[in-house]
Structure formats: C-alpha cells, structure tokens
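Enquirer: got a predicted structure plus its sequence, pasted below:
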There are 2 protein chains.
Amino acid sequence: MSMSGARESRRRRLVVIGGDAAGMSAASQARRLKGPGELEIVAFERGHFTSYSACGIPYWVGGDVSGRDELIARTPEEHRARGIDLRLRTEVTEIDVAGGRVRAREVDSGAESWTPYDQLVIATGARPVRPDLPGADAPGVHGVQTLDDGEALLGTLARTRGRRAVVVGAGYIGVEMAEALIKRGYEVTVVNRAEEPMSTLDPDMGRLVREAMEGMGITMVNGAAVTGLLTGDDGRVRAVATRDAEFPADVVVLGIGVRPQTSLAAAAGLPLGSHGGLLTDRAMRVRGHENIWAGGDCVEVLDLVSGQERHVALGTHANKHGQVIGTNVGGGYATFPGVVGTAVSKVCDLEIARTGLREKDARRAGLRFSAVTIESTSRAGYYPGASPMTVKMLAEHRTGRLLGVQIVGREGAGKRVDIAAVALTAGMTVEQMTALDLGYAPPFSPVWDPVLVAARKAVAKVRESGV
Amino acid sequence: MSMSGARESRRRRLVVIGGDAAGMSAASQARRLKGPGELEIVAFERGHFTSYSACGIPYWVGGDVSGRDELIARTPEEHRARGIDLRLRTEVTEIDVAGGRVRAREVDSGAESWTPYDQLVIATGARPVRPDLPGADAPGVHGVQTLDDGEALLGTLARTRGRRAVVVGAGYIGVEMAEALIKRGYEVTVVNRAEEPMSTLDPDMGRLVREAMEGMGITMVNGAAVTGLLTGDDGRVRAVATRDAEFPADVVVLGIGVRPQTSLAAAAGLPLGSHGGLLTDRAMRVRGHENIWAGGDCVEVLDLVSGQERHVALGTHANKHGQVIGTNVGGGYATFPGVVGTAVSKVCDLEIARTGLREKDARRAGLRFSAVTIESTSRAGYYPGASPMTVKMLAEHRTGRLLGVQIVGREGAGKRVDIAAVALTAGMTVEQMTALDLGYAPPFSPVWDPVLVAARKAVAKVRESGV
C-alpha cells in the first residue's frame, strides 16, 4: 500500500445533506478545525445554490435587493475552494444508518451511487405547506421558499399584465410578500384562515397589524379558508376561492408556512418529534445516534420558556446549528441551548416582533399568567420621528417571571424585542426588568423605555392577581 | 381641638428638595399611594420649572424640538392639582437632620422659614463643572444644564451675528451640542482635553467618533486643555485659548460634565462617596438615616459590573429612583439594584453607545479580560440602508463573563447596546451570549447580529488567553 493510500485510509469522511445555511455552516466550521488531510467533506445539494438567504427573497421580489446573487452568502465555487466536495443537483434518496452510507441520485442524469460516511449531517430544511386543493400547482401560483421559487415568481410577474395579486397566508412570509407586491404596484389581497394576521402574535396584537395593512391599501380577508385555486381557459390561475367568495388573481403567492423536511430521516428510522422535526441533543446530535447530526429547519428545538420542543424555521438558528455541529464534528465542543421564540418582521413601515409565549402557548404549557398591553413611543415624545408603539407582555403568576413580549409599531419598535429575548433567556422576572439599565437619550427612547413601561404594568397586574 | 385639627396632627409630612425628575417622581408616586389626608407633600424648587427633560435641551437648541414647553413632562400646576404643595423659586439652604426640618429661602423676596419633615427626599441634582478660568462667566459662555440655561443660550444665538461656535468638552453633552450648533449653521470647533472625544468609550472607539465628526465638518481639537476664555472690549467672549492656540468664538458652550450637587447634604453631615454623591441603600434611603431619601443626579449608584459606586447623571435613573423612593415613602417596597452604565447618544447620524466597563474601568476593578472589536452591519448586507457598525466587547478571563460593550455606527446601531445591558445585568458569559435568540430578518439584522459576532470573537479570544 502506498503512503498516500495509507493516509487516505485514515482520513474520515463527513457527509452533509443539504447545502444551505445549516449544512454549509457545519461543513465550513468543520473544515476550519480539521484540514483536508484529516477530514474529507462531501456535501449534497439537490438545487443549484448554496448558502443563500431565503429570508431575503421577499426583498428581492419587491425590488429592494437588486439580484439573486446578492442573497448568496457563499457560492459553490467558494465552498469548493475551501476543500469541500460539493455535489450540486444531487439528491440524497436514502440514509442507510446501519451501513453508515447515503444513496444519492444526480438529478439530471438519474445516476445513483452510495457514499459511506463516518459522520453525517442532516440539513434538509423545511418544505412549504402546499394546500391540497385543485389548482394549487397551476401556473401563476408560487411559493417563495428557494431561490428557484423566487426566480419563477419574478418570471411570472414580468410576464403578467394584470396587477391583481392574492397572498394566501398572513404569517411573516405572507406579510412580507404583501409588501413586496405592493412595492411592485400590485393590488394586493391577503387571504388568511386565522381571525387576524400574524398568528405568531395574540389576536389582539394581530388586529393592529391588520389595521395597519388595511391602511396601506391591502385588502385583508381573515377567517377565510381557501377552498380552491380557480384556473382560466389557459390553465393559469385566475382566482382564489373561499367558501364565501372568489378573489380574482393574476398571480398567487402561497405563504402558509413550512414543515420540517424529514421524509428521508423518517424512512431511516431517525427520531422525529410531534412537529415532524428531527430530535437532537444539545450538541445537535440526533438522539441515539453517535455520528449523525442535524440542524436548521429540519429539526425541533427546545423552547426555553415553555420547556417543550417546537419547530422554528429561521436562518439565524440554522447558522447557529451549523456552527455548533461543525465545532463538534471538528473535535471541539459547542451546544445550542434552545430558543425563546424571537421573530421580527415588517410590512412597509410597520414593524412586528415577538418573543416567548403567546397567551395560548402559556396556557398550553400549563402556566397561569397576567397579560398587559401598553402604548408608548419609540423616541421621547417631543423628539422628531417619535412613533407610537404597542407592547404586550405576559408574566407568570407567583414567580413574576417574564413569559413573552409582542411589539407592533413603526421605526425603532421591532428590535426592542431583543431586550425581552435576553431577559427571557436569563429567566428574569418583570420586577427585575423594571430596573434594567437600558440606553436612554431623547432620539432613542422615552425616559422610560416602552419595554420598561410594560414591565411596570405587568408587575402591578401580577400583584393584583393575588395568586 | 377641632376634628380637622386632630386629623391634621396625625398627618405626616414629606418634604422634597428639588423639583425635577427624581424629586417630583418621588412626590407623585408617594401621592399615588397616600392621599392628602394621610400625607402632606411639600416640594421646594429653586428654579421656575418642574419635571423637565434636561436631556432634550440640545435638541431644543438645535431646532428639532420647537419649544421649551415640549420638554416639560409635568407643569407646576399639574403637580399642584395632584395635591403637592410646590414652592417654586424657593431654595433650601439648610437641612437640620437632628431637628427634622429644612430651612428655605424665597429667591425673590429673600424671606426664610423652617419646614419640619417626617420624611425628606433630597433630589438636588448635579451642577455643571465650570472651569476655574478667567472669562468663564463672560457673556456668550453658556452651560446647558437647565431650561434657564437653554433659554439664555438661545437668546445669545439669536443676538449673535458671528457664526463661530466653540464647544468645550466632548462628552455626550459636547457632541450633542456640536450637532445642535451645526444644525443652526455654525462653524463648530470642539476643544477637548482627552485624546479622543467621548471618553465614556475607550480611545480606540472614541477615534471613530472623532473621524465621523470631522467628516461632518466639525473641527476637533483633542488633547487640549482650555487655559482661558478670552473676551473682547465689549466684555463678551471672543475666543477659547489652549496652551498652544486660540479658537475664535462668537459663542462658547461648556459641556465638561457634571458633579453631584451635594453641598447642602455635606453641610448636614450626610454620607458622601468618593465621587461626591450621596450614598444610599438599595431602597434609596440615605445610609444611616431612616427617614431621609435621595435620588437622581445627586447620588452615587452601585455599578453591578465592577461592584463599585459611581456617579451617573441620567434622567432615566432619576425617574427610577423617584419611583422607588415614592413607593417606599408611600408604604410599599421597591429597590434600585444599580446600574450597568448604559448610555446612548448621537451626533448627526452617528450613533454612539456603551454599557459596562471600559478597559480602564476593568483594570481599575482588578479584572483580567480580553477585548475584541468587530465590524458588521445594522441590517443584512444586501438590504437597503445597511450601514456599518463597530462593536467592541470586553470579557473576563476564566469566567468568560461579559464586562462591557461599546458601539459606534449609524441608524440602528445605538439601541443594540440594550442586548448587552440586559446580558450584563444577568451576569451572562460571552459563550452564553453566542446562543442568544435575537430578532432576525434582513431589514433588521444580518443573520448573525453584530453583538453575536462580537460575542463569538470574544469567546475565541478568552480561550486563546489560556488564563
């Protein structure tokens, strides 16, 4: 056996399934810690792109971002230059856990082969929920999950003469797409099953979002389940139907949410949670499997506030997971302790943020709590640009522990949720929060930051509860 | 004795010295908890105004705020309507601790009288440092501590034909006044004794502020102690002199900082700390005095990071102190646990923030640490309006505990300091911070928030220290 053969035989192989945030962060971090002589890295990606910001697609569609390539953090060539054997347009079709290998198929040629692994990273992401309805696959109906989706939608927009757009779903993708289509000059209707948009908020806060969106000229149809997508003689979508009405549409965007893409993992017998995501330990190792890791939109994560698992598809978590996995695979030690459920989004100049538990989450977790809502301003009331913001806060009875915060406002409102995100992580009580030393100057905040005003009111309400 | 006389004799009296944020917050909160039948409240204020935002004066001078009255949160009439016996233009000249009374003098008539108290609140604020230099009291030389100061400065600006302004001092008042004068069309020179502006930051971060201010057309003279204020034949200021140069000035603004105004307390034998501020317990009771309370700019506060007392003159603390004192005087229970030293300010579109310890503070507190500095952007790099920001972070060796954060950037940079402020309060390590679930969406943050990028680098640097 030659020297190089001997070296080769000692080299370990890391196989990564999925070339976006979690997978390629894991690969890159592992590569940082172990050179090509120690660790071979093979990454399979069934699409054309790697390491891109899916969260940026609405801004690309809306014209805030000039082109697709701006959303790509690292190209396939850059990954390869770092010694990662990246196989694009190659889909993994089976994980053989007992045999320690994966089967992959080249999408274009159909050729299949097995690749053994010493360590495996599953980063298969999420799939958009597609309604099981007639017409859901008709031309003119688009998801916005991948760069390919974004290109397809932009193609439709370029070709379509009509200016009526219907967005199905009013979660963060739905409201961001409503903004994008308004910016492109469309008449936008948002059809939403829940009673108010942004069901990641309590309905009383969702109502503020609805009112603001209506003020922007968006037609909001709530409490309306879509029953079908109607097509014209040309086979293209022409309307969205609910039980009670039809909404004419030259283009339809589906933003109904996503689910973990774990069919591969399920077929391999890997453990899935109640939300359909892979279950891992804190090091992001798939439970019960020493050499299989998972991260990003295909896993469930621990909610540090409720103590229960949940599914959160968000690029910022995916990047952290990848970093943790890559560190562990590379021989270091890192953990992902969990989330508190922070999310921020905007529709035109309206900022929407939340962290922790909604009222129904808290009840589901068996918690007794008080909820308060306050109105304040983003800056000192007398300072130019001071804009109103509403803060809702939930605090547990007896302990006074902060349970969650929701914010709806204008410029300067959204990122204030970070104050609550850190306080939740630290397990602070609302009483402790009232003393927080937050940045104050008239251009930045009233003398009592809105989050502190909410905390003071929450303290009083918890006390009044007498529990 | 009549019924009303009997009731009168059981009523307790709270005396408040100082009618701004701390004093009037204390009075208002005490009044909320105890009606006039139980508690008489007498408040002495030597000026014309109550409960105003001194922090807003630069924006009033700069024209962002249209008038003085906008800065007044609550007028004397509003306080009186709530049953507070407010005596304006009345200066307390002596506290007789043994006798439980204060002597007050009406400024206009000179009439003096004694007022007994059951509870006393000292909220005498801070006094601006005035250089002990010839010409410091010449016409055209102004402080900006009170509304009266602001009116006097605006009067000078209205009367002055020349357009050359010199600001002495480059702390937050100095840089805010530089902005105000630029906005009014002045040629602004800032003369500053320290090597860089904003000495509440480390010099390497202060340099970024200096470069930005120079880019705005402000002449920055650093490392230059003022030796005198030169006057013309008319007795008005005409230039600011340093050892090496003279800077012509049609108006001079002093922003050299403030000291606790505690001569009254000192004369009464009340305990002062090394910064000249009153020392209190956590309930804001003056140490060793059961019925004397103090809050706002005249007290020292516990720095929760260094464990040492410091003086921080800031309206947000004054309001909290007043709230705590009023609650305790009113028979409730509240505490002010201390500060972490958060401050945020801006000069034109440059945002400047800090919390926790600077390098020299950490050394003074006996701490070993690593310091890292990173550059990132306020939004996703591809999102319009993403602006560069620099974050410096200090972390303790061995424990990895966060010690401080400094931020210099543009829109969206400043209030990010709150993330660190909460983390400091919670005693988080930089390793814990890397997992923080902060709000992410492209219009709000890169996928790794700049504070997280700094935390990751700090983790690595602390590890490398090997200590």
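Expert: Okay, I see it.
Enquirer: contacting residues for the spatially most central residue of chain A?
Expert: In chain A, the C-alpha nearest the mean C-alpha coordinate belongs to A:Leu314, at 2.6 Å (CA atoms, centre = their mean). By CB atoms under 8 Å, 6 or more residues apart in numbering or on different chains, the residues touching A:Leu314 are A:Cys55, A:Asp297, A:Ala343, B:Tyr440. Just so you know, the C-beta spots here come from the backbone N, C-alpha and C atoms, and that holds for glycine as well.
Enquirer: what's the local residue count around the residue in the stretch 1-150 of chain A that chain B sits nearest to?
Expert: Proximity of the stretch 1-150 of chain A to chain B (CB to the nearest CB) peaks at A:Glu70, 4.0 Å away. Using other CB atoms under 10 Å in any protein chain shown, A:Glu70 is surrounded by 18 other residues.
Enquirer: same check on A:Leu367?
Expert: Using other CB under 10 Å, A:Leu367 is surrounded by 19 other residues.
Enquirer: same question for A:Ala54.
Expert: A:Ala54, neighbours per other CB under 10 Å, totals 24.
Enquirer: burial check on the residue of the stretch 101-250 of chain A at minimum distance from chain B, number of neighbours?
Expert: Proximity of the stretch 101-250 of chain A to chain B (CB to the nearest CB) peaks at A:Tyr172, 7.5 Å away. Neighbourhood size, A:Tyr172 [other CB under 10 Å]: 24.
Enquirer: with adjacent residues omitted, what lies nearest to it?
Expert: Nearest residue to A:Tyr172 in three dimensions, chain neighbours excluded: A:Ser345, at 4.1 Å (CB to CB, 6 or more residues apart in numbering or on different chains).
Enquirer: identify the residues contacting the one you found.
Expert: Per CB under 8 Å, 6+ apart, neighbours of A:Ser345: A:Tyr172, A:Val175, A:Glu176, A:Glu351, A:Ile352, A:Ala353, A:Gly414, B:Ala441.
Enquirer: could you check the pLDDT of it?
Expert: Reported pLDDT at A:Ser345 in the predicted model: 96.
Enquirer: secondary structure element holding it?
Expert: Per DSSP states H and E, A:Ser345 falls inside strand A:343-347.
Enquirer: so what's the residue lying closest to A:Leu230 once chain neighbours are set aside bridging to?
Expert: Among residues not flanking A:Leu230 along the chain, A:Ala239 sits closest, at 4.3 Å (CB to CB, 6+ apart). Beta bridges link A:Ala239 to A:Leu230, A:Pro248 when assigned by DSSP bridges.
Enquirer: all strands for the stretch 151-300 of chain A, in order.
Expert: In the stretch 151-300 of chain A, the segments counted as strands under DSSP state E, counting those that start in this stretch are A:164-168, A:187-191, A:219-221, A:226-231, A:237-242, A:246-248, A:251-254, A:258-260, A:292-294.
Enquirer: mean neighbour count for those - can I get that in CSV?
Expert: What follows is the strands of the stretch 151-300 of chain A, written out as CSV (neighbours: other CB atoms under 10 Å in any protein chain shown):
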stretch, mean neighbour count
strand A:164-168, 27
strand A:187-191, 23
strand A:219-221, 18
strand A:226-231, 19
strand A:237-242, 21
strand A:246-248, 16
strand A:251-254, 26
strand A:258-260, 20
strand A:292-294, 29
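Enquirer: so which of those strands gets nearest B:Pro260?
Expert: strand A:219-221 (55.0 Å; CB to CB).
Enquirer: partners of the closest one, with directions?
Expert: Using DSSP bridges, the strands paired with strand A:219-221 are strand A:187-191 (parallel).
Enquirer: count the residues that sit near the nearest residue to A:Gly412 once chain neighbours are set aside.
Expert: Leaving out its chain neighbours, the residue that sits closest to A:Gly412 by CB to CB, 6+ apart is A:Ser378, at 3.5 Å. Using other CB under 10 Å, A:Ser378 has 25 neighbouring residues.
Enquirer: just checking, A:Ser378 touches A:Lys415?
Expert: No: A:Ser378 lies out of contact with A:Lys415 (CB atoms under 8 Å); the separation is 10.5 Å.
Enquirer: A:Val453 and A:Val188: what is the separation?
Expert: Per CB to CB, to the nearest Å, A:Val453 is found 34 Å from A:Val188.
Enquirer: and A:Gly37, by the same measure?
Expert: In terms of CB to CB, A:Gly37 sits 55 Å off from A:Val188.
Enquirer: what segments of the stretch 1-150 of chain A are strands?
Expert: Taking DSSP E, counting those that start in this stretch as the test, the strands found in the stretch 1-150 of chain A are A:12-17, A:39-44, A:85-87, A:90-96, A:101-106, A:112-116, A:119-122, A:126-128, A:141-142.
Enquirer: direction included, what does the third one pair against?
Expert: The reference is to strand A:85-87. Sheet pairing here is set by DSSP bridges, and for strand A:85-87 it gives strand A:39-44 (parallel).
Enquirer: quick one: residues in contact with the partner strand.
Expert: With CB under 8 Å, 6+ apart, strand A:39-44 has contacts from A:11-19, A:23-24, A:27, A:30-31, A:50, A:79, A:83-87, A:90-92, A:102, A:104, A:115, A:117, A:329-330.
Enquirer: and the next helix or strand past whichever helix or strand A:Ala421 is part of?
Expert: Here A:Ala421, judged by DSSP H and E, is contained in helix A:417-425. Downstream of helix A:417-425, the next assigned helix or strand under DSSP H and E is helix A:430-434.
Enquirer: what's in contact with that following helix?
Expert: A:393, A:395, A:400-402, A:423, A:451-452, A:455-456, A:458-459, A:462, B:320, B:337, B:425.
Enquirer: now the buried members of these.
Expert: Among these, those scoring as buried are A:393, A:395, A:400-402, A:423, A:451-452, A:455-456, A:458-459, A:462, B:320, B:425 (criterion: 16 or more other CB atoms under 10 Å in any protein chain shown).
Enquirer: from those residues, pick the one nearest A:Ser274.
Expert: A:Ser274 lies nearest to A:Arg401 out of these, by CB to CB, at 24.8 Å.
Enquirer: that closest one touches A:Leu394, doesn't it?
Expert: No: taking CB under 8 Å as the definition, A:Arg401 is not a contact partner of A:Leu394, at 9.7 Å.
Enquirer: which positions in the stretch 351-467 of chain A make contact with chain B?
Expert: Taking CB under 8 Å from any CB of the partner chain as the measure of proximity, the stretch 351-467 of chain A contacts chain B at A:351, A:353, A:355, A:380, A:382-384, A:412, A:414-419, A:421-423, A:425-426, A:428, A:432, A:434-445, A:447-449.
Enquirer: of the residues you listed, buried ones?
Expert: Buried among those (16+ other CB under 10 Å): A:351, A:353, A:355, A:380, A:382-383, A:412, A:414-419, A:421-423, A:425-426, A:428, A:432, A:434-445, A:447-449.
Enquirer: one step back: what about the strands of the stretch 1-150 of chain A, which gets the closest to B:Gly257?
Expert: strand A:126-128 (54.2 Å).
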